[in-house]
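In: starting from these lines, generate the structure:
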Amino acid sequence: MKAKTITFESALQKLEETVDKLEEGSIPLDEALTTFESGVRWSRECSKFLENAEQRIETIIKNENGEYEQKEFLLE
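Out: Numbers count the residues shown, from 1 in each chain. From the prediction side, this is the model:
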């Protein structure tokens, strides 16, 4: 059986659903802990996607000769 590919959007949706469930405040403590653990996993999954995206981002700038060149994107 082929594993389902997770996208950033689906991981973020799962995280949002988890947060919403916890914010309701009406679930038993045991279920809340399990839900919280799930939320932490989804949060880490989203972080991985964002870290990978950051590494792939390049900026295109115009150099002093008026030509465009790619440079690694660095957060200042």
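In: please pull out the lowest mean pLDDT helix or strand from this protein.
Out: None of the helices or strands of the chain scores lower by mean pLDDT, DSSP states H and E than strand 58-62, at a mean of 71.
In: show me what that strand is packed against.
Out: Under the contact criterion of 3 or more Cβ pairs under 8 Å, 6 or more residues apart in numbering; DSSP states H and E, strand 58-62 touches strand 68-72. From N, CA and C alone the C-beta is placed, and that goes for glycine too.
In: the strand it packs on - what's its average pLDDT?
Out: Strand 68-72 carries an average pLDDT of 75.
In: just checking the distance from it to the centre of its chain.
Out: Computed by Cα atoms, centre = their mean, to the nearest Å, the chain-centroid distance of strand 68-72 equals 25 Å.
In: then stretch 6-13?
Out: Counting by Cα atoms, centre = their mean, stretch 6-13 is centred 7 Å from the centre of its parent chain.
In: so which bits of the least confident helix or strand of the chain are buried?
Out: Using 16 or more other Cβ atoms under 10 Å as the burial criterion, none of the residues of strand 58-62 qualify.
In: so what strands line up beside it?
Out: According to DSSP bridges, strand 58-62 forms sheet pairs with strand 68-72 (antiparallel).
In: restrict the partner strand to CA atoms and write it as CSV.
Out: In CSV, the C-alpha atoms belonging to strand 68-72 read as follows (Å, rounded to 0.1, in the frame of the first residue of the first chain):
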residue,chain,number,x,y,z
TYR,A,68,20.0,39.7,-13.1
GLU,A,69,21.6,37.1,-10.9
GLN,A,70,20.4,34.7,-8.3
LYS,A,71,21.5,34.9,-4.7
GLU,A,72,20.7,32.8,-1.7
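In: quick one: contacts for the residue nearest the centre of the chain?
Out: Residue closest to the average C-alpha location in the chain (Cα atoms, centre = their mean): C46, at 2.2 Å. Each residue near C46 by Cβ atoms under 8 Å, 6 or more residues apart in numbering is listed here: F8, A11, L12, L15.
In: quick check: most distant residue from the centroid of the chain.
Out: Distance from the C-alpha centroid of the chain, by Cα atoms, centre = their mean, peaks at N65 (37.9 Å).
In: S43 and L15, how far apart?
Out: S43 is 6 Å from L15, where distance means Cβ to Cβ, to the nearest Å.
In: thank you kindly, that will do.
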